[in-house]
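Novice: dropping the sequence and predicted coords here.
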Amino acid sequence: MSDFSTEPAPGNRVTHYLLDQLRRHPKRVVFTEGEDIRVIQAAARLVREEVVAPILLGNRERIRALAAQHSVSLKFVHVIDPPLASDFPLFCQRVENMARYRTMQMGDSAEIVARPHYFGALMVQYGQADAVVGGNQALPAAYFRALLHTIKPLPSVPKIFGVTILMGPHLQHLGGDGILFLADCGLIPNPDVRELAAIALETGKLARHFLGRKPLVAMLSHSTKGSTSTPDARRMAAAAALAQGEAIRQFLDISIEGELQADVALDPAAAETKLPAAEARPTADVLVFPNLDAAHISLKLLQHVAGAQNYGQLILGLARPAAQVSRTATVETIFGTAAAIAVEAIKFHQLYPDGEV
């Protein structure tokens with residue numbers, strides 16, 4: 001299975017929904033690694049669909065040459081070379097102020113701002129773009145570092161984390177609507193009870209926004225409702241209880257259950273067998289994993305063995321919309337991830353019309 005297909009897949013339920021939302025509320029998305037034919041092709045498709053105003057960071061001549069080589073139009077695609085940008089001196093000053101405010105040793109401000117990851121994050125932080133997408137050519141740590149250094153965190157979320165959206169109409173039990181949200185697939189190695197509860201709540205809110213209905217969030221474990229009394233199982237049960245209480249306190253339209261085995265969460269027949277006293281139950285829409293290893297391995301197996309289409313990961317816990325794509329991302333993944341984070345930007349602008357969190 002090649003991850004580097006250059007032809008975007010036909011539209012599906014996820015992208016159709018996202019595009020419908022964005023045609024009413026178009027957004028500006030900055031791609032930090034624009035010298036990539038996959039990004040150029042995804043940007044051109046976003047323009048054709050009239051949903052996103054793409055901004056590509058990188059060397060203008062190299063991007064133009066790549067586009068010409070592959071016969072891709074750059075019409076309405078804005079290209080910025082960070083060191084040559086008119087905002088470069090302003091961003092340098094803001095980085096210096098940020099370093100003083102946070103008492104951080106960040107080095108030479110011009111050298112930092114010239115890095116596309118930092119420049120793109122600064123554009124989003126200061127309102128010159130609505131969302132940022134990166135990681136298609138860089139190690140995840142470099143991209144995440146730029147986001148953490150530049151974009152304010154949400155005070156209500158203990159640590160930022162990643163959510164991947166999976167789509168697989170050929171797969172059985174892949175979410176209640178054929179859409180499944182997985183968290184955390186990229187950032188927190190071993191989340192504690194408080195962090196797991198926050199992951200459940202924030203991912204549940206994301207699913208509620210995307211699905212337009214009350215989602216079911218499953219806190220996964222090797223145990224189901226006390227069938228095994230290990231420390232890890234008790235940790236997931238405690239996180240579920242904490243998240244349930246917080247959802248009630250915040251009047252959130254989210255259902256949270258745990259701890260549950262994966263088959264109980266996804267297969268109603270398995271749930272009926274292992275929870276005989278339970279009423280008929282839907283398939284979970286959100287899976288919260290006990291640690292990064294379990295989440296990342298599950299994602300890669302679903303993607304590369306089962307053939308699920310992935311979008312994201314969307315980075316939650318920041319005060320501005322951001323997403324990361326892997327170095328093996330397809331054009332479809334980059335396109336869909338940009339559309340997904342742009343839809344998150346719609347919600348951000350509704351919640352914070354003045355741009356402040």
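Specialist: Yes, it's here.
Novice: would residue 181 count as being in a helix?
Specialist: No: using DSSP: H, G, I helix; E, B strand; the rest coil, the secondary structure at residue 181 is strand, not a helix.
Novice: against residue 137, how distant is it?
Specialist: 26 Å (Cβ to Cβ, to the nearest Å). To be clear about C-beta, it is placed using only N, CA and C from the backbone, and glycine gets the same treatment.
Novice: now do residue 301
Specialist: Counting by Cβ to Cβ - residue 301 and residue 137 are separated by 25 Å.
Novice: what do you get for residue 46?
Specialist: The gap separating residue 46 from residue 137 is 19 Å, by Cβ to Cβ.
Novice: next one: residue 94
Specialist: Between residue 94 and residue 137 the computed distance is 25 Å (Cβ to Cβ).
Novice: find the centremost residue of this structure, please.
Specialist: When Cα atoms, centre = their mean is applied to the chain, the residue found nearest the centroid is residue 314 (0.6 Å).
Novice: can you state the direction angle for whichever helix or strand that residue is part of and strand 179-183?
Specialist: Assessed by DSSP states H and E, residue 314 sits inside strand 309-316. Relative orientation of strand 309-316 with respect to strand 179-183: 40 degrees, computed using axes from the mean of the first three to the mean of the last three Cα atoms, to 10 degrees.
Novice: strand 309-316 pairs with which strands?
Specialist: According to DSSP bridges, strand 309-316 has the following sheet partners: strand 161-167 (antiparallel), strand 322-324 (antiparallel).
Novice: what angle separates the helix or strand just after the last one from strand 309-316?
Specialist: Elements were assigned by DSSP H and E; along the chain past strand 322-324, the next helix or strand is helix 331-351. Calculated by the same axes, to 10 degrees, helix 331-351 forms an angle of 40 degrees with strand 309-316.
Novice: may I have helix 331-351 exported as CSV, CA atoms only?
Specialist: Written as CSV, here are the backbone C-alpha positions of helix 331-351 (Å, rounded to 0.1, in the frame of the first residue of the first chain):
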residue,chain,number,x,y,z
VAL,A,331,-2.6,14.0,-0.9
GLU,A,332,-6.1,12.9,0.3
THR,A,333,-4.9,12.9,3.9
ILE,A,334,-3.3,16.4,3.6
PHE,A,335,-6.5,17.7,1.9
GLY,A,336,-8.9,16.2,4.4
THR,A,337,-6.7,17.2,7.4
ALA,A,338,-6.6,20.8,6.2
ALA,A,339,-10.4,20.8,5.7
ALA,A,340,-10.9,19.3,9.2
ILE,A,341,-8.7,21.8,11.0
ALA,A,342,-10.4,24.7,9.0
VAL,A,343,-13.8,23.5,10.2
GLU,A,344,-12.3,23.6,13.8
ALA,A,345,-11.4,27.2,13.0
ILE,A,346,-15.0,27.9,12.3
LYS,A,347,-15.8,26.7,15.9
PHE,A,348,-12.9,28.8,17.2
HIS,A,349,-14.2,32.0,15.6
GLN,A,350,-17.7,31.3,17.0
LEU,A,351,-16.4,30.7,20.5
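Novice: tell me the mean pLDDT for it?
Specialist: For helix 331-351, the mean pLDDT works out to 90.
Novice: report all helices and strands that it contacts.
Specialist: helix 13-24, strand 27-31, helix 37-48, strand 52-57, strand 131-134, helix 193-211, strand 309-316, strand 322-324 (3 or more Cβ pairs under 8 Å, 6 or more residues apart in numbering; DSSP states H and E).
Novice: which of the ones you listed has the highest mean neighbour count?
Specialist: Highest mean neighbour count of these: strand 131-134, a mean of 30 (counted as mean count of other Cβ atoms under 10 Å).
Novice: re the thing from before, mind saving the C-alpha coords of the strand holding residue 314 as CSV?
Specialist: This file holds the C-alpha atoms of strand 309-316, laid out as CSV (Å, rounded to 0.1, in the frame of the first residue of the first chain):
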residue,chain,number,x,y,z
GLN,A,309,-8.4,6.5,5.5
ASN,A,310,-7.0,8.8,8.1
TYR,A,311,-7.3,12.6,8.6
GLY,A,312,-5.1,14.4,11.0
GLN,A,313,-3.9,14.4,13.7
LEU,A,314,-5.7,17.5,14.9
ILE,A,315,-3.8,19.0,17.8
LEU,A,316,-6.1,19.8,20.7
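Novice: report the angle between it and helix 193-211.
Specialist: Using the same axes, to 10 degrees: strand 309-316 against helix 193-211 is 120 degrees.
Novice: quick one: strand 309-316 to helix 13-24, angle?
Specialist: Interaxial angle, strand 309-316 versus helix 13-24 (the same axes, to 10 degrees): 50 degrees.
Novice: let me see the residues that make contact with strand 309-316.
Specialist: 9, 12, 14, 144, 147, 157, 160-168, 183, 185-187, 202-203, 206, 299, 302-303, 321-325, 332-333, 336-337, 339-341, 344 (Cβ atoms under 8 Å, 6 or more residues apart in numbering).
Novice: thought residue 235 was touching residue 290?
Specialist: Yes: Residue 235 lies in contact with residue 290 (Cβ atoms under 8 Å); the separation is 7.1 Å.
Novice: overlap in contacts of the two?
Specialist: By Cβ under 8 Å, 6+ apart, the residues touching both residue 235 and residue 290 are residue 196.
Novice: grab the nearest non-local neighbour of residue 171.
Specialist: Nearest residue to residue 171 in three dimensions, chain neighbours excluded: residue 306, at 5.8 Å (Cβ to Cβ, 6 or more residues apart in numbering).
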